[in-house]
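Engineer: Next input, structure requested:
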Amino acid sequence: MGAQHFQHDVFISYSRQDTTVVHALARRLREDGARVWLDEWSLLPGDLVGLKIQEALEQSRILLMCMSESYFGSGWAALEHHARIFRDPTNSERRLIPMRLDGARIPDLLAQYRYVDWRAPSETEYVILLTQILGRPVPPRAGAPISSPGLLPVATLPTYRNIVRLSFSDDDTRLFVICEYEILTFDIRSRTEVARTGSYGLNSCGAVARNGLYAVTGTLEPGVVIWDLSTGRIARWIKAHPRWMRDVGITPDASRVLSAADDDRINVWQVPSGRRLATFRHKEYISYLHMRPDGRTLFVSGGKSITRWDLGTHQMIDSFEIPACCGVSSSSGYRILSPSLDVSSDLHRLVIGSSNGGVCVFDPLSHELIANLVGHTGAVRTVRLSPDGHSVVSASDDRTVRVWDVKTAQCTQVIGQRGGSAAFSNSGSLLATVGNDQRVLLWNWPLQPIIPTP
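Structural biologist: Numbers count the residues shown, from 1 in each chain. Here you go, the predicted structure:
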């Protein structure tokens, strides 16, 4: 059977827990001309799943096995059976290609194969994969950014926990890592953990005061927990909203805490008494709260709009609608925005991400679009402006952290990492990101390749 007689170029086998990264890759392969078989695209209601999968395997030239911890834990015996016809040395027209998504141990059955390393997605690995799938040489996509060779972090901080947010202290001596169940404090100079809080429920959001004295987390109960970081203990728990917590914030001097939930309301609380000082309402559901370093101005994103508030008077200063390029419009007309937003120190640049991978930069005063940054293939979880306002760093579900030049709207560097969160130090000399294994990575900024010593 010649290759032209196969109905599919590639059958993609993966775990449901890896859907985001695998589907993003599958879409790109399809756009580049590959005939892809993917269960969610091919199975119809009423199909006999086992039979359809067996037929598709027989009609596919390549089996792409997306290896991960969850993949090997989801019926490996059946996967071994599926791989049998692709491992037959007499069947020269078929090929098995393992693709590594995380640090899971590779079974002996697959250890003999050269795998595609998708723990740190790069254009180089993608071109190698596409060339094998199409059976012909494929040039790199014009203008596609490639992970910089020799680009290495200056330090790694072991957390091995699901990370909600990263934050530097005002003097840049400490890094606060808000995790799902606790807050870790690292000393930047020694690169060691020096403190951690206790645990109170599952944290869905969090923030740390710039003075490093207090922190606040939003829990699934839903409630707000105010933490005294000097003791690691709870200073106050507040039943803040009747519905799901969306975001929280804390003023730089730790005197007030803000909370936002699915009821579209923002409450202001006194620290540490927990007394409610004010309530105001964003006109649509809330995605993110961004407080200015002076503690006097609040930006709120959600729905189709961004609003700006005076925290002294609790009055809205202005609002503007976000164009469709920065979000996916739902059936109700809402823009699906990422839970992240950042504003430059001079108030002339505001960056926001979206669930369709878009990143947009605006002038928050004139409301004009400055740059539309296109390149991510998964939802953008975090956006950060460099302290000088000339660069944007975005972390996405496509497992990359991208660096953008705002003036040219071009991606200049790609870090193949887990994404999810990122933070600049206040001096602008360090960038913190999250690695594939949930370690925090510290990078010198601007990013420069490090030449390893022999």
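Engineer: how about Ile128, what does it touch?
Structural biologist: Contact analysis of Ile128 by C-beta atoms under 8 Å, 6 or more residues apart in numbering lists Val116. In short, each C-beta sits where N, CA and C put it, glycine included.
Engineer: i'd like the first residue to be 576 from this point on
Structural biologist: All right, first residue 576 from here; so that's Ile703.
Engineer: secondary structure class for it?
Structural biologist: Here Ile703 is helix, with the state taken from DSSP: H, G, I helix; E, B strand; the rest coil.
Engineer: same thing with the one 4 residues further on?
Structural biologist: When the structure is reduced to helix, strand and coil (three-state DSSP), Gln707 reads as helix.
Engineer: separation between it and Asp607?
Structural biologist: Per C-beta to C-beta, to the nearest Å, Gln707 is found 13 Å from Asp607.
Engineer: Tell me which of those two has more neighbours.
Structural biologist: Using other C-beta atoms under 10 Å, the more surrounded residue of Gln707 and Asp607 is Gln707, with 18 against 14.
Engineer: Quick check: that one touching Arg636?
Structural biologist: No - using C-beta atoms under 8 Å, Gln707 is not in contact with Arg636; the gap is 9.8 Å.
Engineer: Overlap of the contact sets of these two?
Structural biologist: Common neighbours of Gln707 and Arg636, counting by C-beta under 8 Å, 6+ apart, are Arg670.
Engineer: any idea how far stretch 639-649 is from the chain center?
Structural biologist: What separates the centre of stretch 639-649 from the centre of its chain is 21 Å, taken as C-alpha atoms, centre = their mean, to the nearest Å.
Engineer: Quick check: buried residues in it?
Structural biologist: For stretch 639-649, a neighbour-count test (16 or more other C-beta atoms under 10 Å) marks 639-643, 645-647 as buried.
Engineer: Quick one: mean pLDDT over stretch 852-864.
Structural biologist: The average pLDDT for stretch 852-864 rounds to 86.
Engineer: Quick one: end-to-end distance for it.
Structural biologist: End-to-end distance of stretch 852-864 (C-alpha to C-alpha, to the nearest Å): 17 Å.
Engineer: ditto for stretch 610-620
Structural biologist: End-to-end span of stretch 610-620 (C-alpha to C-alpha): 22 Å.
Engineer: mind checking how far it is from the chain centre?
Structural biologist: Taking C-alpha atoms, centre = their mean, one finds stretch 610-620 lying 26 Å from the centre of the chain it belongs to.
Engineer: which residues touch that stretch?
Structural biologist: Residues from elsewhere that reach stretch 610-620 (C-beta under 8 Å, 6+ apart): 582-587, 598, 601, 604-605, 624, 627-628, 631, 634-635.
Engineer: returning to that earlier point: of the buried residues of stretch 639-649, just say which sits nearest to Arg959.
Structural biologist: Closest to Arg959 out of the buried residues of stretch 639-649 is Ser643 (27.8 Å), distances taken as C-beta to C-beta.
Engineer: Go ahead and confirm that closest one touches Arg591.
Structural biologist: No - judged on C-beta under 8 Å, Ser643 makes no contact with Arg591 at a distance of 10.9 Å.
Engineer: Is Gly773 part of a helix or strand, or is it coil?
Structural biologist: The local conformation at Gly773, judged by three-state DSSP, is coil.
Engineer: tell me the contacts of it?
Structural biologist: Residues near Gly773 by C-beta under 8 Å, 6+ apart: 757, 807-809.
Engineer: Select from these every entry located in strands.
Structural biologist: 808-809 (DSSP state E).
Engineer: Could you export the contacts of Gly773 as TSV, including distance to Glu796?
Structural biologist: Listed next are the contacts of Gly773 as TSV, based on distance: C-beta to C-beta, whole Å:
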residue	distance to Glu796
Glu757	16
Gly807	20
Arg808	18
Ile809	13
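Engineer: are any of the contacts of Gly773 buried, and which?
Structural biologist: When the contacts of Gly773 are checked for burial by 16+ other C-beta under 10 Å, the buried set is 757, 809.
Engineer: ok, so of the contacts of Gly773, who is nearest Gly887?
Structural biologist: Proximity of the contacts of Gly773 to Gly887 (C-beta to C-beta) peaks at Ile809, which lies at 28.4 Å.
Engineer: so where is the stretch 826-975 of the chain shaky, pLDDT-wise?
Structural biologist: Of all residues in the stretch 826-975 of the chain, those with pLDDT under 70 make up the ranges 898-914.
Engineer: So which residues of it form strands?
Structural biologist: 831-836, 840-845, 851-856, 863-866, 872-877, 880-885, 890-896, 903-904, 910-918, 925-929, 934-937, 944-948, 955-960, 966-971 (DSSP state E, counting those that start in this stretch).
Engineer: Make JSON lines from the ones you listed and add distance to Leu613 and mean neighbour count to it.
Structural biologist: Shown next, in JSON lines, are the strands of the stretch 826-975 of the chain (distance: least, C-beta to C-beta, whole Å; neighbours: other C-beta atoms under 10 Å):
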{"stretch": "strand 831-836", "distance to Leu613": "36", "mean neighbour count": "24"}
{"stretch": "strand 840-845", "distance to Leu613": "41", "mean neighbour count": "20"}
{"stretch": "strand 851-856", "distance to Leu613": "42", "mean neighbour count": "14"}
{"stretch": "strand 863-866", "distance to Leu613": "32", "mean neighbour count": "22"}
{"stretch": "strand 872-877", "distance to Leu613": "33", "mean neighbour count": "24"}
{"stretch": "strand 880-885", "distance to Leu613": "36", "mean neighbour count": "20"}
{"stretch": "strand 890-896", "distance to Leu613": "35", "mean neighbour count": "13"}
{"stretch": "strand 903-904", "distance to Leu613": "21", "mean neighbour count": "14"}
{"stretch": "strand 910-918", "distance to Leu613": "23", "mean neighbour count": "24"}
{"stretch": "strand 925-929", "distance to Leu613": "24", "mean neighbour count": "27"}
{"stretch": "strand 934-937", "distance to Leu613": "26", "mean neighbour count": "24"}
{"stretch": "strand 944-948", "distance to Leu613": "28", "mean neighbour count": "17"}
{"stretch": "strand 955-960", "distance to Leu613": "23", "mean neighbour count": "24"}
{"stretch": "strand 966-971", "distance to Leu613": "20", "mean neighbour count": "26"}
